[in-house]
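Chemist: no sequence on this one, just coordinates:
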Ligand SMILES: CC/C=C\C/C=C\C/C=C\C/C=C/C(=O)SCCNC(=O)CCNC(=O)[C@H](O)C(C)(C)COP(=O)(O)OP(=O)(O)OC[C@H]1O[C@@H](n2cnc3c(N)ncnc32)[C@H](O)[C@@H]1OP(=O)(O)O
């Protein structure tokens, strides 16, 4: 797996920034400061043109505004570079993504809350409607927003059996927004989605496989990446434009929902999440996570 420098340069603003800073600082000081780790890494394979995009925000890849923004830029960069495919995975050994960063929603000023949600909306839309094939290589737990990212890809390979996946929002006293529901229904169908979402149930990887929430279960990350590459390879001979338009057509409900309702959806989020009762619930949940 090789990093294509030209691609990375255009994909990661962070990469250009850190290179620029460190080379200029070297003139003035002996020890250049360590550049910050990118929140999302991207490696493009020279031969296949497939990108492995790795969420890299320890400890649990909770999705905050900067990470989402970086992910969106990477997806846009891949679009511009006519990517052959993208595999989304995590640098953690146990967590794919813990979902939305609850700290972004807890006691947050309204402007930050609003920026957070609009970044989530646009990042999701970029991923969900991306023209290239997408696979989630789910190498750890994937609750809520982590499950949403997985569902937004076209294929899901999960490391099992011990990790779990699901939209657990109701267990937290919050509501999965309509586009989360559409994504789950795309994959599971109406009845199983209703059952899963009303209970906020998390599924073990074997349960998820049985239900169709994931497409394959493997025993480690390397196998997950190999399976993901195999899925993407089958599109090598399919004309990309026909593939892209077909994907858009199949996903039209979700795409249209977001395009038509971005502002209402933001308003619903703001109204719900700023309620005192909801804030108290998020606070208690965060405290319970920290007490573990
Ligand atoms: C009509 C409706 C319209 C609008 C809807 C409105 C509102 C709905 C809004 C949004 C939908 C919400 C989506 C979400 O994604 S909410 C997030 C849900 N996530 C979870 O429930 C997962 C919580 N985390 C865990 O279960 C575990 O952390 C996990 C299994 C992932 C990993 O366990 P592990 O033992 O490895 O780590 P921990 O010790 O638990 O955590 C380490 C560290 O990280 C902090 N942490 C964990 N998760 C989060 C998170 N999601 N956000 C922020 N911080 C998180 C945890 O507190 C620990 O912190 P510290 O003790 O300080 O190290």
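Modeler: The structure has been received and is ready for your questions. What you see is a predicted model, and the numbers here were worked out from it, not measured in a lab. Numbers count the residues shown, from 1 in each chain.

Chemist: show me where this structure has helices.
Modeler: Ranges of helices in the chain, per DSSP state H, are 5-11, 13-26, 65-80, 102-105, 110-128, 145-152, 178-188, 190-199, 205-211, 221-233, 240-250, 252-273, 276-291.

Chemist: contact partners of the shortest one?
Modeler: By Cβ atoms under 8 Å, 6 or more residues apart in numbering, the surrounding residues in contact with helix 102-105 are 62, 64, 65, 112, 113, 116, 273, 282, 285, 286. Glycine gets a C-beta too; all of them are placed from N, C-alpha and C.

Chemist: Check which residues of that helix are buried.
Modeler: Buried residues in helix 102-105, counting neighbours by 16 or more other Cβ atoms under 10 Å, are found at 102, 104, 105.

Chemist: Could I get these in CSV, plus columns for distance to residue 127 and pLDDT?
Modeler: Shown next, in CSV, are the buried residues of helix 102-105 (distance: Cβ to Cβ, whole Å; pLDDT from 0 to 100):
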residue, distance to residue 127, pLDDT
102, 21, 98
104, 18, 98
105, 20, 97
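
Chemist: ok, these vs residue 158, which is closest?
Modeler: Ranked by distance to residue 158 (Cβ to Cβ), these are led by residue 102 at 23.4 Å.

Chemist: about what we covered before: can you tell me which of the helices of the chain is packed in deepest?
Modeler: Ranked by mean neighbour count, the helices of the chain are led by helix 145-152 with a mean of 27 (mean count of other Cβ atoms under 10 Å).

Chemist: returning to what we had before: I'd like the helices of the chain as TSV, with distance to the ligand appended.
Modeler: Converted to TSV, the helices of the chain look like this (distance: least, Cβ to the nearest ligand atom, whole Å):
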stretch	distance to the ligand
helix 5-11	25
helix 13-26	22
helix 65-80	11
helix 102-105	4
helix 110-128	8
helix 145-152	3
helix 178-188	6
helix 190-199	11
helix 205-211	13
helix 221-233	16
helix 240-250	24
helix 252-273	4
helix 276-291	4
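
Chemist: so what's the residue nearest the centre of the chain up against?
Modeler: Among the residues of the chain, the one closest to the centroid is residue 149, at 3.6 Å (Cα atoms, centre = their mean). If you count contacts by Cβ under 8 Å, 6+ apart, residue 149 has them with 63, 88, 96, 97, 127, 136, 142.
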